[in-house]
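[1] Okay, here's the prediction I keep looking at, along with the sequence it came from:
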Amino acid sequence: AAAANVEAALVGMVQAQVEYYFSIENLCKDLYLRWRMDPNGFVQLAEIAGFNRMLALAPTPRQLLLAVQRSPLLEVKSPPSGSGAAALDDTAVLLESRIRPTDNPKRWVLPAAAAETAANAIGDD
């Protein structure tokens, strides 16, 4: 029971952190995250897994996916898992799952010119 409580607490912390990443407050200033969005506002789960706070919390890919699936503020697209097909491994979960905010996600997508500028600025660090 204690292990389940610890896992539930971890998933809750991960959910809160990812919700912050996709909050209006953060997206107004986080050009890196916006630069990583596809034209529909989705970001690969692998990108989120590599952020410093996620590395510190150290959820498994499955815990990270569970945390974002639980959130009413996030939309998740992930491949179907294992009904007849082989279950996805952790790498596939991270690479094939994508998330975006549920509230008007396309407004955060950078226009091509702005994305290129952001990429150049990020690359200059």
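    Yep, it's here. Everything numeric here is computed off the predicted structure, so don't read it as measured data.

[2] So which elements touch the helix or strand in which Y32 is found?
    Element membership for Y32, per DSSP states H and E: helix 31-35. The helices and strands touching helix 31-35, judged by 3 or more C-beta pairs under 8 Å, 6 or more residues apart in numbering; DSSP states H and E, are helix 24-27, helix 112-123. For the C-beta atoms, the positions are set from N, CA and C on the backbone; glycine is no exception.

[3] can you list the weak-confidence ranges in this structure?
    Within the chain, the segments meeting pLDDT under 70 span 80-88, 113-125.

[4] Which parts of the protein are strands?
    Assignment of strands within the chain using DSSP state E yields the ranges 43-44, 74-77, 98-101.

[5] Let me know which of these is tucked in deepest.
    For the strands of the chain, the largest average neighbour count (mean count of other C-beta atoms under 10 Å) is found in strand 98-101, namely a mean of 22.

[6] who does that strand pair up with?
    Here strand 98-101 is paired, per DSSP bridges, with strand 43-44 (antiparallel), strand 74-77 (antiparallel).

[7] got CSV for those strands, with distance to E7 too?
    Converted to CSV, the strands paired with strand 98-101 look like this (distance: least, C-beta to C-beta, whole Å):
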stretch, distance to E7
strand 43-44, 24
strand 74-77, 19
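
[8] To A112, which of the ones you listed lies closest?
    In terms of C-beta to C-beta, the element of those nearest to A112 is strand 43-44, at 17.1 Å.
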